[in-house]
Structure formats: structure tokens, C-alpha cells
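Peer 1: Sequence and predicted model, in that order:
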Amino acid sequence: MKKMFFIICIVLGVTSINAQEAFTLSIKVNDIQPGYKAFLLYKSIEKDISVRVDSVDCIDGRFEFEGVTKYPQIAYMYVVPGNADFMETINYSPGTRIYLQEGHIYATADKDIRTNLKVGGTRLNDELQSYNNIVNVFTEKYKKLNEQGRIAVQQGDTVTQRRIGEISKEIAQEKDSAELAYFINNLDSEIALEWLKSKYNVVQEKTEAQKMLDKMSERIKNSRSGKAYQALLDSTQGVEEGALAPVFTAQNLEGDSISLDAFRGKYVLLDFWASWCGPCRRENPNLVKMFDKYKTKDFVIVGFSMDDSKNAWQNAVSKDGLPWVQLSDLAGNDSPIAYLYGISFIPSNFLIDPSGKILALNLRGKELEEKLAEILTN
């Protein structure tokens, strides 16, 4: 089996490895064509490396990985043509989630590695499949609804379009109820904890998130991930609408130290992002549009990169054409400034008024455009 190893953002170091969990992963892809590769992105066990990406070639419709992990962890699978740019792929595709843990793991799916996905072989992946079975019901409903919407748009049928919008909201409510029921029935499950972490914005919904975490088993609360989530909740006090935005100082790409206080007297959009974050990169063109429209109206954007590599950060700024202030501590997901703001996912942003108070959180696309028009248009 041919295997290539890519190390993102950091130079490979030689270190000793202590406790390890050996895993194998077999991916069977339906109707795969010759020349495809599979990529597996996960946290490295090596001291000086933040993220590891393993790559294998397709042999008889299968991809076979083997490796080690210090502890059970989430990984993301990608299947792409052999000549594809993997870094571009992860910018525009979320990948397919799987858990790496000791034992043999299997996955079967269609070529997009999401459709007809089945995972299993170890406890966490068996539990993940049970959760996926619930979500897939609603995924299929959305697919059918999207097709109906496409036809309605082509035909100019605005009545059907409005009705589809209403049905979509109903499906979303059904999905929320089904996922909540899964959580309540699986309080001793790592999968339920991951749902909780993705469901609640710990800045906007800290109290509710804490109540939900308190319901979980002692085993989960005392797990590595449970303790990390509790620490995140503990770090977010006061970071909400109406509160003063926590002040911090970080360096720009030129190495100059800049404080958030330097922008008092202006409206500030503090944007947490990273070069490796696909949704962040997809939102950047909209931010450029808003910046160009309102930069003469006492409005600034301050980008805070969650990268741990200056080169990756700088290249993304250049490629996306971001003209505003860029700051970072190059600490990646361990950034104290990100903890200060309770960042559990990116992109995340905070709209701050001239006095330093937080006006709104996580506005994107049309919502951001409407809010800026409201406060900046005379």
C-alpha cells in the first residue's frame, strides 16, 4: 500500500511516542473510478505537529489506512481525484466525520463519501452510525425539498417557493426535536457531547449549554473532551450582547502589536477565522464587499486568525484579497484570545460599537449586510 504523509503548517519533528491506540480504517467506495485518492485529516500524536493528513491510493475500490492516536478523536475523510488540490478541497468541503480509536474501523459510501454512508467497527463509530441514521432522515427530506425549490425557481412559482420556505422551517424544528431526543437518551455518549458542542454557541447560549452538559454522565463530564468543553464554558462569562468586548493585544503580519482598544470610536467587526476553514474562506468575499461599502463610515474589520502557521495565514490573506487589519497569536486552537471570546467554532464574529460594547454576534451574509445598513446608513 502506498502512503504519503503531509504535515500542515509545521515542520516535522522527531519525538518519542508514549501511549498509543493503533487503528486501521477501511473505506469502500461504490462505483469509484481509477486514480482517486482518499485523505484522512486528524490531530497528530507528534509533539510539534498540529494536524496530520494521510493519503492512500485506491486499490480495487478500497482505501486502507493504518495509524496511531493518543486517544479517541474525530477525523475527517475525503475522497478526491488523484490530480485534485487537497488544500483547495478542504477549503470547500467539510469532509466526512469518523472516530479514530483502537480497533478496525470501516466505512462504505458513494463517491462523495457522504451519500449512503455507513460507519462502524468500533464502539464510537457504531454510536455515530446510530446518530447518522436519525440525521439522514432529515437530509433526505431536505434533498427532496431542494429539488422542488429548484423547479419552482425555474418556473417562477413564488407561491411554491414561499411554501417550501415554510416547510423547510418545519423540517428544521422536527430535526431539532429528534436530535434533542437522541441527546436525552444518550447522556453517556461522546456522540451526544459532540452534538451539544455543535448545537449551542457558548457565547450566546452559555447558560443553556451548561444546563445540558450538567445532565450528562460523570464519565462524559470527566472525559478529555468534557473537561475541555467545561473549561470553554467557564471562559465565556460576560461575552454577550451588551457587554464590553474583552480587550486584547496581538501582532499583525508585520510583527507590530495592536490592541483592540485602538479602534474605539469606530464600529468594529471582529472576525475569527483561519486559512484552513472552508466556511471562513467562502464568507470572505462578502466581507470584502461590506468593507469596501462602509470603510468610509467609521467601520473597520479586524481579522483574528486561528492559524498556527504565519505562512498559511499570510498566503490566505493575500489570496482572498483581505485589506483590513489582520491579527493573530499563532496559537491555533489553543489561542488564549479565542478562549477569552469563547470561540467553539469558526467563522465567529462580534460586531462592536464605538464605545466597545458588543452589538451582535455571528452575523453573516444577508444578516450582516442588513445590520450594517441599519447602523451605518445615514
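Peer 2: That came through fine. Numbering: from 1, shown residues only.

Peer 1: C-alpha from now on. contacts and neighbour counts both.
Peer 2: Noted.

Peer 1: Give me the three-state assignment for Y99.
Peer 2: With DSSP: H, G, I helix; E, B strand; the rest coil as the basis, Y99 sits in strand.

Peer 1: Test for you: state the pLDDT assigned to it.
Peer 2: Per-residue pLDDT puts Y99 at 95.

Peer 1: That one contacts A75, correct?
Peer 2: Yes. Using CA atoms under 8 Å, Y99 is in contact with A75, at 5.8 Å.

Peer 1: out of those two, which sits in the busier spot?
Peer 2: Y99 (22 against 17; other CA atoms under 10 Å).

Peer 1: Outline the domain layout of the chain.
Peer 2: If you go by automatic domain parsing, the domain ranges for the chain are 3-119, 127-234, 249-376.

Peer 1: and G356, what are its phi and psi?
Peer 2: phi 100, psi 0 (degrees, to the nearest 10).

Peer 1: and what of F63?
Peer 2: Torsion angles at F63 (phi, psi; degrees, to the nearest 10) stand at phi -120, psi 130.

Peer 1: from here on, count from 627
Peer 2: That works, and once the first residue is 627, the last one we named lands at F689.

Peer 1: Show me the beta-bridge partners of it.
Peer 2: Residues in a beta bridge with F689, per DSSP bridges, are I653.

Peer 1: separation between it and L743?
Peer 2: 15 Å (CA to CA, to the nearest Å).

Peer 1: Who has more neighbours out of these two?
Peer 2: Between F689 and L743, counted using other CA under 10 Å, the more crowded position is F689 (22 against 19).

Peer 1: Could I get the contacting residues of the more buried one?
Peer 2: Shown in contact with F689 (CA atoms under 8 Å, 6 or more residues apart in numbering): S652, I653, K654, K663, A664, V682, D683.

Peer 1: ditto for L822
Peer 2: F809, A835, M838, L839.

Peer 1: Which two among those residues are spaced furthest apart?
Peer 2: The distance between the two most remote of those (CA to CA) is 12.5 Å, for F809 and A835.

Peer 1: Can you show me the strands along the stretch 627-776 of the chain?
Peer 2: With DSSP state E, counting those that start in this stretch as the criterion, the stretch 627-776 of the chain has strands at 629-634, 647-655, 662-669, 677-683, 688-695, 699-707, 722-726, 729-735, 744-746.

Peer 1: Show me what the mean pLDDT comes to for the strand or helix carrying R789.
Peer 2: Under the criterion of DSSP states H and E, R789 resides in helix 784-810. Helix 784-810 carries an average pLDDT of 95.

Peer 1: Next, the buried residues of the helix or strand following it.
Peer 2: Downstream of helix 784-810, the next assigned helix or strand under DSSP H and E is helix 816-825. By neighbour count with 16 or more other CA atoms under 10 Å, helix 816-825 contains the buried residues E816, I817, A818, L819, W821, L822, K823.

Peer 1: Then stretch 928-944?
Peer 2: By neighbour count on 16+ other CA under 10 Å, the buried set for stretch 928-944 is 928-936, 938-939, 942-943.

Peer 1: Please narrow the residues you listed to those residing in helices.
Peer 2: Judged by DSSP state H, the buried residues of stretch 928-944 include K936, A938, W939, A942, V943 as members of helices.

Peer 1: What distance do you get for the closest residue to the second one other than its chain neighbours to A733?
Peer 2: Taking CA to CA, 6 or more residues apart in numbering as the measure, A938 lies nearest to S901, with 6.2 Å between them; neighbours along the chain are not counted. As judged by CA to CA, S901 and A733 stand 29 Å apart.

Peer 1: And for the residue nearest to A938, the neighbour number?
Peer 2: Neighbour tally, S901, other CA under 10 Å: 22.

Peer 1: ok, it - contacts?
Peer 2: By CA under 8 Å, 6+ apart, the contact list for S901 reads R907, S931, D933, A938, W939, A942.

Peer 1: In which helix or strand does it reside?
Peer 2: Assigned by DSSP H and E, S901 falls within no helix or strand.

Peer 1: Check the protein for its longest helix and report it.
Peer 2: Determined from DSSP H, the single longest helix within the chain is helix 749-781.

Peer 1: low pLDDT regions in this protein?
Peer 2: For the chain, the stretches with pLDDT under 70 are 627-645, 670-676, 717-718, 863-864, 1004.

Peer 1: hmm, back to that, buried subset of the contacts of F689, written for PyMOL?
Peer 2: Only the buried entries of the contacts of F689 go into this PyMOL selection, using 16+ other CA under 10 Å:
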select buried, resi 652+653+654+663+664+682+683
